[in-house]
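Asks: got a predicted structure here, sequence first:
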Amino acid sequence: MTLLTDEYEQFMTAVQKDHNINGDKYVNCDPEAALREHFNLDPQLAKLIYDEWILLVFQRLPWRPADD
């Protein structure tokens, strides 16, 4: 069962990008907290959605074999 909808994905990606552009470089961005505040979610549900989003971010990283 996938909890990560397109709306959640777009919101967390936007939060991350906005923080990188306008945020303080000494403060870490917290998309999970922003998700809880914006959508008024239960902390456990927000954690599950955040975990799925992190997995998606890592799956989208470009990968190529190492040069030997």
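Replies: Thanks, I have it.

Asks: going forward, measure contacts and count neighbours with C-alpha atoms only.
Replies: Fine.

Asks: where exactly do the helices run in this structure?
Replies: With DSSP state H as the criterion, the chain has helices at 6-22, 31-39, 43-59.

Asks: make TSV out of the ones you listed and add mean neighbour count, mean pLDDT and distance to residue 66.
Replies: Supplementary listing: the helices of the chain in TSV, determined by neighbours: other C-alpha atoms under 10 Å; pLDDT from 0 to 100; distance: least, C-alpha to C-alpha, whole Å:
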stretch	mean neighbour count	mean pLDDT	distance to residue 66
helix 6-22	14	83	28
helix 31-39	16	90	32
helix 43-59	15	92	17
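
Asks: can you list those helices in CSV and add distance to residue 67?
Replies: Formatted as CSV, the entries for the helices of the chain read as follows, by distance: least, C-alpha to C-alpha, whole Å:
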stretch, distance to residue 67
helix 6-22, 31
helix 31-39, 35
helix 43-59, 21
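
Asks: what residues does stretch 4-21 touch?
Replies: Contacts of stretch 4-21 with the rest of the structure, by C-alpha atoms under 8 Å, 6 or more residues apart in numbering, involve 29-32, 34-35, 49, 52-53.

Asks: er, stretch 23-36 I mean
Replies: Counting by C-alpha under 8 Å, 6+ apart, the neighbours of stretch 23-36 from elsewhere in the structure are 8, 11-12, 15-16, 19, 41-43, 46-47, 50.

Asks: which of those sits closest to residue 61?
Replies: Ranking these by separation from residue 61, with C-alpha to C-alpha as the measure, puts residue 16 on top at 15.6 Å.

Asks: look up how far residue 35 lies from that closest one.
Replies: Per C-alpha to C-alpha, to the nearest Å, residue 16 is found 11 Å from residue 35.

Asks: same deal with residue 53?
Replies: Distance, residue 53 to residue 35, using C-alpha to C-alpha: 11 Å.

Asks: just residue 49 next, same as before
Replies: Note on residue 49: its distance to residue 35, by C-alpha to C-alpha, is 9 Å.

Asks: report pLDDT for residue 29.
Replies: Reading off the per-residue confidence, residue 29 sits at a pLDDT of 80.

Asks: cool, residue 68 as well?
Replies: At residue 68, the model reports a pLDDT of 64.
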